[in-house]
Structures are given as structure tokens and as C-alpha cells.
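Peer 1: Sequence and predicted structure below; questions after.
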Amino acid sequence: MIPTTLTISSAVSIEAAAPRITELLATNKALGKWWPEKKSDSAVSLTYKGQTFEVSGSSYNLVEIAAGFSDSAISTKLQMIQLRSDSSIVEWSCKTNAGFNPIKRVQQYRAAVALKENMTALLLALKTYADKKENIYGMKIEKLTVKDTVLVSTRAQFDHLPTTEDIYGMVNKLQSYIASENATATNYPMLNLIEVDKKQYNVMVGIPTNKLLKGKGDIELKRMVMGNILVGQFSGGMARTLDAFYQMDRFKADFQFTTIAIPFAQLITDRSKEPDSTKWLSTICLPVL
């Protein structure tokens, strides 16, 4: 017997924070990032196997999507439930009236079965996309172990987004000091950049060394505690570097890590020698417990 009210639901577990999953569902444009079927530029809604789907509303960890159902659309809801700091459940559900006409009821039931199959397939497509941290935060982020524990650093403040010349002026100062102390750098230059506002940028540059150095003038000795460090690799210029700091901060909050030192970018590519900023390779690093 086919019931008068048809309940359709499907669920999937995703290794991502609930708010980040909500961002991938909140608008049709966001859906397009992971949707299995390509959306035409002129189309308002998205389609999957002949059925249409369009975001009709969203709030905290809840998204409503109008799904094409036979000759009309019904309201479906996606609920994001945080399980642990590193995983969430996404449940997609809806109810529809099958009616009293026997023929219509069979048609509605078949359409409901097709919709459930599509909902399940779409949730798996969402999982495939959202399980990869680089799709959420713009880079793959891993938890590694701190290797460099001794470094020298210097600070500066700028009234503009620091240029390559600004940054490498600081790098060169540190390199000259390290050489004068008969020491060597053990890793790439490190950059911490804080945008206070559009007219104030606080910058600290550091370089790990093979031995303790006392420092001189505005050059200081810094030490890092052995432990865990979050590391993500990215490419791009200063604007991308600022975004990488922002994304790492979101990752830290989403997965509930405790910070024990300031974040920094390791400048793998010598930006003073490579004019094309799209080729600048860096890692963003954040020491955590």
C-alpha cells in the first residue's frame, strides 16, 4: 500500500564543519561548485537527471531547496548536524502528498523514488567535494611536527599592503645578520602579516637558523616550541597570502585547535626573483596543541 503522505530522506557523513557545508549549499552559485551536471549560464535552477533544484532559502545549518517533482516543485530541507569537530551529518528530507487517486498515487510514488535516488547521488557528490579540505579552504591542510625551533626576526609597520621590495628588504637584513654571525639559514623566510586596516599592516619576518643568535638592534631571537603545526600550501601574491591566513584561522576554529604561536607564511619561491606572482609558492603554518 502506498501511503497518502510520502516521506523522502537521505543522509551522508562528511569530514567538514557544518557551517562550511552550509556555505556550499546556500546559493545556486555555491551548488554549482560541486554539482555533477553542468549548469548553463542562462539557467536559473540546476538540473540532475531531468529534475530541477533551486535554493529557496537558508539559515544557520539549514538550507531549503525547491525540487522539481512531477509537474510541480516541493520544498526539501537540508539539515547540517555537527557530530565532532572534524565531521558532520547532512540530512536531506521532504514530505509530499500522494493524493487519493490510485493512478496519481502510483505516479507520485515513482517520482518520489526517483527523487530519493537523486538526493542520495547528489549528497555523495557533495561528500566527494567537501571531504577535500582544499575545496573548502583553498588549500590542503595537514597537521605536521615543528622542525625549526630557533630563528631571528624583525618587525615593521606599513601604511600600504607590503610590496615584494618591502618584504625582501626585511629578508635581506636578516640574511646579512645571519652571515655576519657565521650562521646559516635552515629553512625559507617566514612572514607574519596582519591587516589592522587598509592603512596599517603589521609585518614580522623571520628566518630559522642553525644556532642560537642573540640579535642586534631591531633583530630579535625567537624560539618555537616543539609540537604540532598546521601546514597548507598555496600559490599567489600578497592578497592570496592574506586570504591564506584567513582560511587557516577558519580551519583552526572549525576543527577546534588551540593556537600556541602566531601563524606565518614560508616564502618558498624567492619573490624578488620571480616577477609572476601566480608562480609564487608558499606554505601557511600555524603552531597548535
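Peer 2: Sure thing, it's come through. Numbers count the residues shown, from 1 in each chain.
Peer 1: In the protein, where is pLDDT below threshold?
Peer 2: 40-43, 69-71 (pLDDT under 70).
Peer 1: Which elements pack onto the strand ranked longest in it?
Peer 2: Of all segments of type strand in the chain, defined using DSSP state E, the longest is strand 72-84. Judged by 3 or more CB pairs under 8 Å, 6 or more residues apart in numbering; DSSP states H and E, the packing partners of strand 72-84 are helix 18-23, strand 51-59, strand 62-69, strand 87-97. C-beta here means a position set from N, CA and C on the backbone, and glycine is covered the same way.
Peer 1: hmm, try it at 6 Å
Peer 2: Judged by 3 or more CB pairs under 6 Å, 6 or more residues apart in numbering; DSSP states H and E, strand 72-84 is in contact with helix 18-23, strand 62-69, strand 87-97.
Peer 1: Domain-wise, how is this protein divided?
Peer 2: Annotated domains of the chain cover 5-131, 141-288 [automatic domain parsing].
Peer 1: Output those domains in CSV; the columns should cover mean neighbour count.
Peer 2: Below are the domains of the chain laid out as CSV (neighbours: other CB atoms under 10 Å):
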stretch, mean neighbour count
domain 5-131, 16
domain 141-288, 16
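Peer 1: For the spatially most central residue of the chain, give me its contacts.
Peer 2: In the chain, the residue lying closest to the centroid (CA atoms, centre = their mean) is Y137, at 1.4 Å. Y137 is in contact with Q247, F251, counting by CB atoms under 6 Å, 6 or more residues apart in numbering.
Peer 1: cool, I260 as well?
Peer 2: Counting by CB under 6 Å, 6+ apart, the residues that I260 touches are P287, L289.
Peer 1: Show the backbone phi and psi for it.
Peer 2: Per-residue torsions, I260: phi -120, psi 0 (degrees, to the nearest 10).
Peer 1: chain center to the strand or helix carrying L242, what's the gap?
Peer 2: Using DSSP states H and E, L242 falls within helix 238-254. Its chain's average C-alpha position is 8 Å from that of helix 238-254, according to CA atoms, centre = their mean, to the nearest Å.
Peer 1: Walking through the protein, point out its helices one by one.
Peer 2: Under the criterion DSSP state H, the chain contains helices at 18-23, 28-31, 102-130, 133-137, 164-180, 238-254.
Peer 1: looking just at contacts, which helices and strands does the shortest one meet?
Peer 2: The reference is to helix 28-31. Partner elements for helix 28-31 (3+ CB pairs under 6 Å, 6+ apart): none found.
Peer 1: Contacts for that helix next, please.
Peer 2: Outside helix 28-31, the residues that reach it (CB under 6 Å, 6+ apart) are L24, L46, V55.
Peer 1: Please report the distance of the residue nearest to the centre of the chain from V288.
Peer 2: 15 Å (CB to CB, to the nearest Å).
Peer 1: Span of stretch 265-279 from start to end?
Peer 2: In stretch 265-279, first residue to last residue: 15 Å (CA to CA, to the nearest Å).
Peer 1: Same list, the contacts of helix 28-31, but as TSV with distance to A18 please.
Peer 2: Converted to TSV, those look like this (distance: CB to CB, whole Å):
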residue	distance to A18
L24	11
L46	22
V55	17
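Peer 1: so which of the residues you listed comes closest to Y246?
Peer 2: Distance to Y246, by CB to CB, is smallest for L24 among those, at 17.7 Å.
Peer 1: what's that closest one in contact with, if anything?
Peer 2: So L24 contacts A30 (CB under 6 Å, 6+ apart).
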